[in-house]
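In: Attaching a predicted model along with its sequence, questions to come.
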2 protein chains.
Amino acid sequence: MKNPGAYLPIINWLKGYGSDALISDGLAAIIVTLMLVPQALAYALLAGLPPEVGLYASMIPLVVYALFGTSATLAVGPVAVASLMTASALGGIAAIGSPEYVGAALVLATLSGLILFAMGLLRLGFLANFLSHPVISGFVTASGILIAGSQLGHILGIEGGGHNLIEMINGLLRDLPATNFVTLAIGGGTLLYLFLCRKYLKQTLSGFGLSQRAADLVAKAAPVSAVIVTTALAWQFNLGSDGVNLVGQVPSGLPEISLPPLEFDIWATLVPAAILISLVGFVESVSVAQTLAAKRRQRIDPNSELIALGLANVGAGVSGGSPVSGGFSRSVVNFEAGAQTPLAGMFTAVGIALATLTLTGVLAYLPKATLAATIMIAVSTLIDFGAIRRTFDYSKADFVAMFATILLTLVEGVEAGILAGVGLSIGLYLYRTSRPHSAVVGLVPGTEHFRNIERHSVETDDETIVLRVDESLYFANARYLEETILELIASKPAIRNLVLTCQAVNVIDASALESLEAINKRMRDSGIALHLAEVKGPVMDSLSRTHFCEELSGQIFMSTYHAWKALAHSPYWGRDKLHPAATSTQ
Amino acid sequence: MKNPGAYLPIINWLKGYGSDALISDGLAAIIVTLMLVPQALAYALLAGLPPEVGLYASMIPLVVYALFGTSATLAVGPVAVASLMTASALGGIAAIGSPEYVGAALVLATLSGLILFAMGLLRLGFLANFLSHPVISGFVTASGILIAGSQLGHILGIEGGGHNLIEMINGLLRDLPATNFVTLAIGGGTLLYLFLCRKYLKQTLSGFGLSQRAADLVAKAAPVSAVIVTTALAWQFNLGSDGVNLVGQVPSGLPEISLPPLEFDIWATLVPAAILISLVGFVESVSVAQTLAAKRRQRIDPNSELIALGLANVGAGVSGGSPVSGGFSRSVVNFEAGAQTPLAGMFTAVGIALATLTLTGVLAYLPKATLAATIMIAVSTLIDFGAIRRTFDYSKADFVAMFATILLTLVEGVEAGILAGVGLSIGLYLYRTSRPHSAVVGLVPGTEHFRNIERHSVETDDETIVLRVDESLYFANARYLEETILELIASKPAIRNLVLTCQAVNVIDASALESLEAINKRMRDSGIALHLAEVKGPVMDSLSRTHFCEELSGQIFMSTYHAWKALAHSPYWGRDKLHPAATSTQ
């Protein structure tokens, strides 16, 4: 191995590690740990898993990511959207909370890990690009709504449930009469408290002279105080006997390393869900990591991230944890708290391990309603209705894909939603390129530049028409090109030269080549010459491997202007009188 | 209805119909009928259907197409590839030749017809464009090989069978010991005879003074003589008792009009196959029709063709026929024989009806081996290995899609083959556009034209870099664009201005807009201005609905040359010394 740092980035940054970085990383780790303990429990609840699964997903995966990851500040662990997708994937496989359900969660984490790892090895990170921004944004918004909806039952102390909005509403309406008002008081109270903290605590603390950054961090740790207070209340007043659902006994040891259940059927069933969780988790992680890295002028390597996130998920799967990815809010806190290196993540893992060893007795009294309120406030930042409006204004095609993603995620569930979004965005893109925009262009007077005759005041010529096709020529638009050109010729009886200007043609595939040959043949039969201009290097390379250039009735010009000078307003093809304007352009 | 001719094209051409056209159409119909009788029987055999189904598919559908079709010469009826696809679709549904099998064939024809008709109404003809030329060509070649393979069993007088090459080879090897040598003599003899006719008869006849066209038509009617001779032999020597498979009793009446079986399960099962048969049949029909129409300066309307072919298939389904489309060889013969209007097709239908009423007694003695030999010689023209080579030379992406189509059609069957081809050609197109070609360009001296600095000798400037991205900016390449630009900037320490020249950018979608905003922000932080040039009208319209133009650190120029004049070799952004070459471009 020539450069071990390319495979194990820790080698690069551990060399210059000093006490300053140690203090920064340690401080960041303490803050992130405080934030992560309730989140780990909450996201396990959201995924329908026992609380310890969330804690286990917050230890080994963090250590693994610290070894292989290229982002200094990405905080890996259980996250809201992946937990929702986990619940959706496992719902059809086993009863919530059963050993089979937990086993399937470990399989899902391992599978996602292997898929990400394989994508990293094969450098398939570009696949994530097919999740467009509007689709991701719509998906996250819809997931946020679903997650909030799924937690309403816990706030009300009823069962609720369901994997889409309709099931959830039905479940809530069905169970509403069974509302537990003590639970509602705790859940509603926590919700209100966290809402007020988020809205006003930061300014208030700033008003008391705290630095902006410190105020922000304290405000973000508000859930910890809610956890402490409601746990104390539940213990003091023995709320469990009032029908308030508590987290209950959490095993107080470190996770054991073991293979997830090796049942082929379960693995095979979970592959599609694992692919989606992997892709969504990867896209979200890389976005966060890149945003944070850019602020410090650092770079992350997407393919290395695939490998690191892949190994982290395998780590989760073999140590009793659910799927993990980079969390947005925790990563931001980690960054703001001053984390310098991935060691902050390792310290966080140690913090979670200490919490698991010492706090589980106390956490047994934590009301689930508190966790539900924590989740609801956390996901409220995911819901972005403004993005829907902006997308609508900017591009109708993007909006259609986004809207379909939101609608299908809400009424059919996460998998249908994201598949519809990806399918539609690709389909709409293909549809658009299959009927490309084209324009007859003319010379902008006094320049060598050509513009659409319908938008600009330009010089034109009846016998020489310049057509600009705004798309690569490929199978989906080959026939459309034929029709466009033949119609254009039919509408211009005086035409002698058609110049196809190819500055927007990035490729001519075999289908389009056949169409061009057919067009050339028909035009030659009608006494019209077909010329090309501004053919790009790679396209010319391909064309020169065929007989097309020899068979072309016209010429291939370097620029549209060269073609114009040679053809327009000049005697050509036996023409016997000059156009009045001819002298001015000669 | 303002213009009934738009819906019923027969109204347009029947007005000026005279005796000249009548004679031409009648003559063409006689020749096509002679060709179609053995083909109708043969393609029924290929589809695993009783012979009368092929005859029925050659009556009503031809009449319907004559009423609604826009091509004067397209000869509709049963064709080889659609028959192979029919056999493949029905294979899993019922036993070959059983009443359920025949019923399913009628359902398949009706379904294909309804799909084509609906596509015509919705103007979805463009969907056929997603079958690229190389995919179609590869599919037809592989189908030709499969069809030839499927007929070998009939030539040898054994069962054989199978829907892909591997099954066929296994079937042939298994049954080879049971070869019937009398059948082999007839089949092999016919094969040799037809092969020699095809290769030498035309020249020989021309040598005897026959006109080129007449010689061609006589040579194409060779199968008729083979049918007559082998039928006579089979009757004379009672070959049926020697184990030679004969066509057997064909009901000698006209088809009855009745609905195909209305079993929902069968309809639902056949939908995917019907879609593929529709698309392939449509693409083939339109290609043939357009090629022939162009020779006579006529035009066909693809959406009217969808409706006409759709109704023709519904006509087949309700009159006991299998799916139909425009046949290549028969259409060419129809054209060469001088058919002037679709009336030739109606006359052909009458010819087939007469044959069905009078010849069925005789045709009972026709050996199936003769039909198999007819099919094998007919499909040999479909197999085009040269196209594989040409595609390989021209475009590797097209070749990959073509090769996958051929391979999967051969080893998995027709449906897998065509789906793989379509999927791969779309996938490869998306992959290519997701990593677009880009080039740093410089000014071609003495012009206003810019070209790749690596391919041409051009003027450049250290502080002003012009980047041409050869693709629309959309979700799949948005991240790639960011990486390309940031790497470019990192490699040019003196850069002050980056001009993104957008002549190849036909759209900027919401994802790419976000990327551009991010790029603009990072560049501004580094003190580099981002400029755009040659932004097309539709793209500018979209951008102007956002805040992008206000936030852009640089300017938007009409042309690259305008940007170059304003920025290159000139004091800008506090620059204090002029580049030596500055005066020459000012």
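Out: Cool, the structure landed.
In: same for the one helix or strand A:Leu357 maps to, what does it pack against?
Out: According to DSSP states H and E, A:Leu357 maps onto helix A:343-358. Judged by 3 or more CB pairs under 8 Å, 6 or more residues apart in numbering or on different chains; DSSP states H and E, helix A:343-358 is in contact with helix A:19-46, helix A:51-56, helix A:60-68. All C-beta atoms are positioned from the backbone trio N, CA, C, and that covers glycine.
In: Which of the ones you listed sits closest to chain B?
Out: Checking the helices and strands packed on helix A:343-358 against chain B by CB to the nearest CB gives helix A:60-68 as the closest, at 20.9 Å.
In: Averaged pLDDT, that closest one. What do you get?
Out: When pLDDT is averaged over helix A:60-68, the result is 95.
In: same thing with stretch A:259-278?
Out: Here the average pLDDT along stretch A:259-278 is 92.
In: same deal with stretch A:530-546?
Out: The model assigns stretch A:530-546 a mean pLDDT of 91.
In: how about it, does it get close to chain B?
Out: Yes: against chain B, stretch A:530-546 shows contacts by CB under 8 Å from any CB of the partner chain at A:536-538, A:542, A:545-546.
In: Mark which of these are part of helices, please.
Out: Within those, residues falling in helices by DSSP state H are A:537-538, A:542.
In: Buried by neighbour count, from those: which ones?
Out: A:538, A:542 (16 or more other CB atoms under 10 Å in any protein chain shown).
In: ok, so of the ones in helices among the residues of stretch A:530-546 next to chain B, who is nearest chain B?
Out: A:Gly537 (5.0 Å).
In: so who does that closest one touch?
Out: B:439, B:452, B:455 (CB atoms under 8 Å, 6 or more residues apart in numbering or on different chains).
In: tell me the phi and psi of the last one?
Out: By that I understand B:Arg455. B:Arg455 adopts backbone torsions of phi -110, psi -20, taken as degrees, to the nearest 10.
In: Kindly report the same for the first one.
Out: Backbone torsions for B:Ala439, taken as degrees, to the nearest 10, come to phi -150, psi 140.
In: Then the second one?
Out: Backbone torsions of B:Asn452, given as degrees, to the nearest 10, read phi -50, psi 130.
In: wait, doesn't it sit right on B:Val441?
Out: Yes: between B:Asn452 and B:Val441 there is a contact under CB atoms under 8 Å: 5.7 Å.
In: Mind checking the helices and strands packed on helix A:343-358 for the one nearest to A:Gly320?
Out: helix A:51-56 (4.1 Å; CB to CB).
In: That closest one packs against which elements?
Out: Using 3+ CB pairs under 8 Å, 6+ apart: helix A:51-56 touches helix A:19-46, helix A:343-358.
In: outside of the shortest one, which residues touch it?
Out: Outside of helix A:343-358, the residues within contact range by CB under 8 Å, 6+ apart are A:14, A:17, A:21-22, A:24-26, A:28-30, A:32-33, A:36-37, A:40, A:52, A:55, A:58-60, A:62-63, A:65-66, A:69, A:73-76, A:250, A:252-254, A:334, A:339.
In: Buried only: go through those residues for me.
Out: A:21, A:24-26, A:28-29, A:32-33, A:36-37, A:40, A:52, A:55, A:58-60, A:62-63, A:65-66, A:69, A:73-76, A:250, A:254, A:334, A:339.
In: And for the closest residue to chain B within the stretch 151-300 of chain A, the neighbour number?
Out: As assessed by CB to the nearest CB, chain B sits closest to A:Ala294 within the stretch 151-300 of chain A, at 6.2 Å. A:Ala294 has 17 neighbours, counted by other CB atoms under 10 Å in any protein chain shown.
In: How about A:Ala568?
Out: Every residue meeting other CB under 10 Å relative to A:Ala568 is counted, giving 25.
In: Could you give the bridge partners of A:Leu500?
Out: On the basis of DSSP bridges, A:Leu500 is bridged to A:Leu467, A:Leu532.
In: What does the pLDDT read for it?
Out: The per-residue pLDDT of A:Leu500 was computed as 95.
In: From A:Leu210, how far out is it?
Out: According to CB to CB, to the nearest Å, A:Leu500 stands 67 Å off from A:Leu210.
In: what is in contact with B:Asn452 and B:Val441 at once?
Out: Joint contacts of B:Asn452 and B:Val441 (CB under 8 Å, 6+ apart) are B:Arg468.
In: more crowded one of the two?
Out: When neighbours are counted by other CB under 10 Å, B:Asn452 and B:Val441 differ, and B:Val441 comes out ahead with 24 against 17.
In: The more buried one reaches B:His449, doesn't it?
Out: No: between B:Val441 and B:His449 there is no contact under CB under 8 Å: 9.3 Å.
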